[in-house]
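# I would like the atomic coordinates for the input below:
(one chain, ligands or ions: 2)
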Amino acid sequence: MENGMKQITIHRDWCKQCGICASFCPKKVLELVKGYPEAVRPEDCIGCMLCEMRCPDFAISVKTED
Ligand code: SF4
Ligand code: SF4
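Ligands and ions are numbered 1, 2, ... in the order given. The predicted structure is shown next:
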């Protein structure tokens, strides 16, 4: 993808809707929509992986496309 866009995948089956991922994202990429996180600003993702590391249920993963 162009300009190093990150691919953010949310596995709803594993997600318990705690919102930790959204809280820890320093760029406010993630927002809870009807309880589940969504990447509402994927272009702002810096690939810091905090959301992935902080999710207690391994329900979110970030892939860099460089
Ligand atoms: S990798 Fe970092 S910037 Fe990107 S969505 Fe996760 S917490 Fe936010
Ligand atoms: S931290 Fe994990 S379990 Fe919690 S809302 Fe985010 S993806 Fe779902």
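# can you pull out the strands in the protein?
Assignment of strands within the chain using DSSP state E yields the ranges 6-10, 30-33, 36-39, 60-64.
# List the neighbouring strands of the second one plus their orientation.
Right, the one you point to is strand 30-33. In the sheet, strand 30-33 lines up against strand 36-39 (antiparallel) (DSSP bridges).
# Show me which parts of the strand it pairs with are buried, residue by residue.
P37, A39 (16 or more other C-beta atoms under 10 Å). Where you see a C-beta, it was placed from the backbone N, CA and C, and this is true even at glycine.
# Surely E52 is in contact with T64?
No. Taking contacts as C-beta atoms under 8 Å, E52 lies outside contact range of T64: 11.4 Å.
# of those two, who's got more company?
Higher neighbour count among E52 and T64: E52, with 18 against 13, using other C-beta atoms under 10 Å.
# and that one, what does it touch?
C21, I60, S61, V62 (C-beta atoms under 8 Å, 6 or more residues apart in numbering).
# And Y36, by the same measure?
Counted by C-beta under 8 Å, 6+ apart, Y36 has contacts I10, R12, C15, Q17.
# ok, now how distant is it from ligand 2?
Distance, Y36 to ligand 2, by C-beta to the nearest ligand atom, to the nearest Å: 7 Å.
# interface residues of the protein facing ligand 2?
10, 15-21, 37, 55, 57, 59-60 (C-beta under 6 Å from any ligand atom).
# In CSV, list those along with distance to V29 and pLDDT.
CSV is the format used below for these (distance: C-beta to C-beta, whole Å; pLDDT from 0 to 100):
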residue, distance to V29, pLDDT
I10, 12, 98
C15, 16, 98
K16, 20, 98
Q17, 17, 98
C18, 17, 98
G19, 13, 98
I20, 14, 98
C21, 9, 98
P37, 9, 98
C55, 14, 98
D57, 19, 98
A59, 15, 98
I60, 11, 98
